[in-house]
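Undergrad: Show me how the following folds:
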Amino acid sequence: MDEERQQWTGARRTPRGGRVFVLVVTLVLAVAAFLGYRGEPPGSDRPGPAGTAAPVAFAPPEPLDLGLVTAAVRPALVNINASTERSGPGAAGSGIVLTADGEVLTSHHVVKGADTVTVTDVGNGKVYDAEVLGYDAEADIALLDLAAATELPTATIGTSAGLRVREEVLAIGNAGGTGGTPTAVHGPLTDLDTAIVAVNAADLSRKALNGMLEVAAAVTQGQSGGALVDRKASVVGVIAAASGEGARAADHPANGYAVPIDAAMRVVDQIRSGTPTDTVHIGPTATLGVLVSNALPVGTGARVDAALYGLPAHAAGLAAGDVITSIDDRAVTNAQSLRSALNTHKPNDTIRLGITGASGRRTVPVALVAGPPN
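TA: Next comes the predicted model:
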């Protein structure tokens, strides 16, 4: 699909209340930069996992040397600029160099919708064209490959398994999306398994992010895809979100949120394996060219809100109000299941769409084309 969204209604808070957060990608527009996403934790005013164990006594964590850790990590980071043919400059974010020949770990939302991605390596100052090798939109993780890159400084990948609440960590990335030297902030971990709902301020689409690390630090826009590191300068998380403007008050101090590195590397390993899953897409994105929402009654399909002109769905005669009920022999029950079904396809694949519309039920063949990550 060219773009996919679900329909959301109601007030800003989720049913159980919550605070506002942002996914910290910078949207680069003609004259200004805006926060790309803001979000709401699905829990109470203090986000945290259900069934969190009672606190136990432990020795105070060892301190983090801000200067030494920053100096060790900075050369293994990149600044990312993603742009679209339709609207020009797009998102600016950060990335983590995994291999000397140019594999880079970043956030999915940094490259979502991008037609071209360019990357500046902080270690050597060179600019590279980047290919999106794959991504998991649900986990908010993407893997890039830098063209003709060699001998890049690489990050030390740690583990998130042994992290402790109150352990000091450092968040570093392309603050403000301005490029240049990555900026670092630090603070203690305050939660090891929290959940938020990220809200795209541009189109109001939302994304649930679960199992997140929370750090009491003023993470800012542009640091998405950057590194959360421990006192040994090992990467323990991928920066994704931060407290939104409504949360930065005396009773709600600034917090940052990161995908645990163990979860991020599972996505990387899946992409490297070359085998797609319902959530992991590998290679160029196959585009149908529809905007969809959940059909009503719930579970009956993906409702077409718009078939984008010049793309496969429009050419096949789909129109607003049609409901997609299947792809080939696989049932489509909602917008997410449509995405999952398309994840396993590549550009130039021909699929059979089951459609219910004003003219009744029909099956139409559709040839998918290449499009941006969705």
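
Undergrad: Now do the helices in the stretch 51-200 of the chain.
TA: 66-73, 108-111 (DSSP state H, counting those that start in this stretch).

Undergrad: Which other helices and strands does the top strand by length along the chain contact?
TA: In the chain, assigned by DSSP state E, the strand with the most residues is strand 183-200. The contact analysis (3 or more CB pairs under 8 Å, 6 or more residues apart in numbering; DSSP states H and E) places strand 183-200 against strand 21-23, strand 37-40, helix 66-73, strand 168-173, strand 206-215, strand 234-243, strand 256-260. C-beta: built from backbone N, CA, C; applies to glycine.

Undergrad: shaky segments in the stretch 1-150 of the chain?
TA: 1-22, 24-60, 86-89 (pLDDT under 70).

Undergrad: From residue 61, how far out is the closest residue to residue 212 other than its chain neighbours?
TA: Using CB to CB, 6 or more residues apart in numbering and skipping residues adjacent in sequence, the residue nearest residue 212 is residue 257, 4.6 Å away. For residue 257, the distance to residue 61 (CB to CB, to the nearest Å) stands at 19 Å.

Undergrad: Equivalent analysis for residue 260, please.
TA: From residue 260 to residue 61 the distance is 17 Å (CB to CB).

Undergrad: Would you mind telling me which of these two has more residues around it?
TA: residue 260 (21 against 17; other CB atoms under 10 Å).

Undergrad: so what's that one up against?
TA: 160, 163, 211-213, 236-237 (CB atoms under 8 Å, 6 or more residues apart in numbering).

Undergrad: and if we set it to 7 Å?
TA: 160, 211, 213, 237 (CB atoms under 7 Å, 6 or more residues apart in numbering).

Undergrad: Show me what the residue lying closest to the first one once chain neighbours are set aside bridges to in the sheet.
TA: So that's residue 160. The shortest distance from residue 160 to any non-neighbouring residue, by CB to CB, 6+ apart, is to residue 260 (3.6 Å). Going by DSSP bridges, residue 260 is paired in beta bridges with residue 237.

Undergrad: okay, residue 260: pLDDT?
TA: What the model reports as pLDDT for residue 260 is 99.

Undergrad: Make sure residue 133 is actually in contact with residue 142.
TA: No: contact between residue 133 and residue 142 fails when scored by CB atoms under 7 Å: they sit 8.1 Å apart.

Undergrad: In terms of neighbours, single out the busier of these two.
TA: residue 142 (32 against 19).

Undergrad: Excluding chain neighbours, what is closest to the more buried one?
TA: residue 135 (3.8 Å).

Undergrad: Give me the angle between the longest strand of the chain and strand 206-215.
TA: 150 degrees (axes from the mean of the first three to the mean of the last three CA atoms, to 10 degrees).
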